[in-house]
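# my questions concern the predicted model and sequence given below.
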Amino acid sequence: MHILLVVPRYPWPPRRGDQLRTVQTLESLADVHPVTLLAPAPGAGDERPPRDLAERFELVTYRPPGAARQARGVLRALATGRPLQCGLYDSPDLRRRLRDRAAHVDLVVLQLVRLAGYSDALEGLPMVVDFIDSLSLNFTRRADLDPPWRRPLWRFEARRLQEAERRLFERARRTVVVSPRDRQWLADGWSLRESQRGRLPVVPLAVTGGEPKVDRGPEEDPPVLALTGNLGYWANVDAARWWLAEVWPELTRRRPEVCLVVAGARPPKRLARAVTAAGGELIASPPDLRAVLARATIALAPLRGGSGVPVKVLEAWAVGVPVVVSPWAAAGTTGKNGEDFLVAETREQWLAALLELLDDPHRRRQLRAAGRRRLATDHSFEHVRVRWRSAIALADLSPGD
């Protein structure tokens, strides 16, 4: 079965979750199926695919829309009832290449609801949609957290995204998500019967464990807290600003020796100033984020919004750093409170969890070991490969199976 994988972002180097997803989809499928990847042309700073992977698939690129085309696409989406996100990815070149390729493939995997506008070019062709995460959930949550003057726009877009996701579910043989929470959100929002939920499987991200951190115990000085991730992503900015304002001042009053590191790509100036003013260290676009994380005594995931799986938690498990997470971050994983991480919501809960771990090296070791076991069980490459191949095999069945 010849598969056409269509993505909205060039995937190398795979710095973001959707880029990592593309690479893992290729690695899972290209050994058993002929695969063509249809992706935007690489830009400045992008890389060629690794040679061992490049030999196993065909790469075809298209011209992404420029700024003027994006503006027209947003206006067209506004007028036609589609999500504004779709307008930003409106590429005539992609549409042409899709029509050309459709006659030569057996199945299309369309990535993200942002490409929903291209499903009409695939009429009659079996399709799997990889939502990765639910953007309608993402925008709904953002509407709950952002300043009041922004909320109507986010709710407007969330409604359009939810309708686009529903239509793709009805059109596709299978729709895939990365997290059980996103699956639950979509299934409940569409009022799916239990028999229909089989068409919405979870295919997680794979993250491999590295060399585990060696905890030197009580003499480890000073302790380091690390908050990592894509700092240009609104959910990470919101999380960092909330934590800096609500938790950090009281923690430093009680434990002035504790250090804070905030690291990731695209930090906005306002966040950079807040970290510096709080006495923390900001590392913008580190070449190796895991190396930064491995320095930490405790990793932080105070997310209040977003969707999909919080990769920062998986990466902390991978390098063997215990994690304190918010309920929202925890819900995006398969981890268990008290076993794989500690969950904290209020300032008092955060302080209690952090002080417990700072004072108890044995507890840190327990969480570190459990997190690595969880990672090996739920996020191994073999597990992801099996899930992807199962989703593709079942897509060969009729839509009403």
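Perfect, I can see it now.
# when you work out contacts or count neighbours from here on, use the C-alpha atoms and nothing else.
Will do.
# ok, which stretches of the stretch 101-250 of the chain are strands?
Using DSSP state E, counting those that start in this stretch, the strands of the stretch 101-250 of the chain run over 107-111, 127-132, 174-177, 224-228.
# mean pLDDT and mean neighbour count added to the ones you listed, as CSV?
As requested, these are exported to CSV (pLDDT from 0 to 100; neighbours: other Cα atoms under 10 Å):
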stretch, mean pLDDT, mean neighbour count
strand 107-111, 96, 23
strand 127-132, 97, 26
strand 174-177, 96, 26
strand 224-228, 97, 23
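# closest one to Leu161 among those strands?
Of all the strands of the stretch 101-250 of the chain, the one in closest proximity to Leu161, counting by Cα to Cα, is strand 127-132 (11.2 Å).
# what's the angle from that closest one to strand 107-111?
Between the axes of strand 127-132 and strand 107-111, defined by axes from the mean of the first three to the mean of the last three Cα atoms, to 10 degrees, the angle is 20 degrees.
# who does strand 127-132 pair up with?
Counting by DSSP bridges, the strands paired with strand 127-132 are strand 107-111 (parallel), strand 174-177 (parallel).
# can I get those strands in JSON lines with distance to Arg51?
JSON lines is the format used below for the strands paired with strand 127-132 (distance: least, Cα to Cα, whole Å):
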{"stretch": "strand 107-111", "distance to Arg51": "23"}
{"stretch": "strand 174-177", "distance to Arg51": "28"}
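# quick check: Ala116 touching Leu84?
No - judged on Cα atoms under 8 Å, Ala116 makes no contact with Leu84 at a distance of 11.2 Å.
# ok so, going back, who wins for proximity to Pro148 among the strands of the stretch 101-250 of the chain?
strand 224-228 (26.9 Å).
# ok, residues contacting that closest one?
With contact meaning Cα atoms under 8 Å, 6 or more residues apart in numbering, strand 224-228 is reached by 240, 258-264, 289, 293, 295-301, 312.
# mind putting the strands of the stretch 101-250 of the chain into TSV with distance to Pro204?
Output for the strands of the stretch 101-250 of the chain, formatted as TSV (distance: least, Cα to Cα, whole Å):
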stretch	distance to Pro204
strand 107-111	14
strand 127-132	9
strand 174-177	8
strand 224-228	20
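# among those strands, which is nearest Ala158?
That would be strand 127-132 among the strands of the stretch 101-250 of the chain, by Cα to Cα, at 14.5 Å.
# centre of the chain versus that closest one, how much separation?
Offset of strand 127-132 from its chain centre (Cα atoms, centre = their mean, to the nearest Å): 14 Å.
# oh, and call the first residue 45 from now on, that's how I've got it
Sounds good: first residue 45 from here, last item strand 171-176.
# contacts for it?
For strand 171-176, contacts defined as Cα under 8 Å, 6+ apart pick out 62, 65, 151-157, 212-213, 215-222, 352, 436, 439.
# and if we set it to 7 Å?
151-157, 216-222, 352, 439 (Cα atoms under 7 Å, 6 or more residues apart in numbering).
# using PDB, write out every CA atom in it.
Only the C-alpha atoms of strand 171-176 are listed here, as PDB (Å, rounded to 0.1, in the frame of the first residue of the first chain):
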ATOM      1  CA  MET A 171      -7.600   8.900   4.300                       C
ATOM      2  CA  VAL A 172      -6.200   8.800   7.800                       C
ATOM      3  CA  VAL A 173      -6.000  12.100   9.700                       C
ATOM      4  CA  ASP A 174      -3.400  12.500  12.400                       C
ATOM      5  CA  PHE A 175      -4.700  15.400  14.500                       C
ATOM      6  CA  ILE A 176      -1.700  14.900  16.800                       C
END
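# now Val336: how far from Gly323?
Distance, Val336 to Gly323, by Cα to Cα, to the nearest Å: 17 Å.
# so Cys303 is in contact with Asp265, correct?
No - counting by Cα atoms under 7 Å, Cys303 does not reach Asp265; the two are 9.6 Å apart.
# neighbour-wise, which of the two wins?
Ranked by neighbour count (other Cα atoms under 10 Å), Cys303 and Asp265 place Cys303 first, with 18 against 12.
# helix or strand for Ala123, which one?
According to DSSP states H and E, Ala123 maps onto helix 111-124.
# buried set for stretch 428-435?
Buried residues in stretch 428-435, defined by neighbour count with 16 or more other Cα atoms under 10 Å: Val428, Arg429, Arg431, Trp432, Arg433, Ala435.
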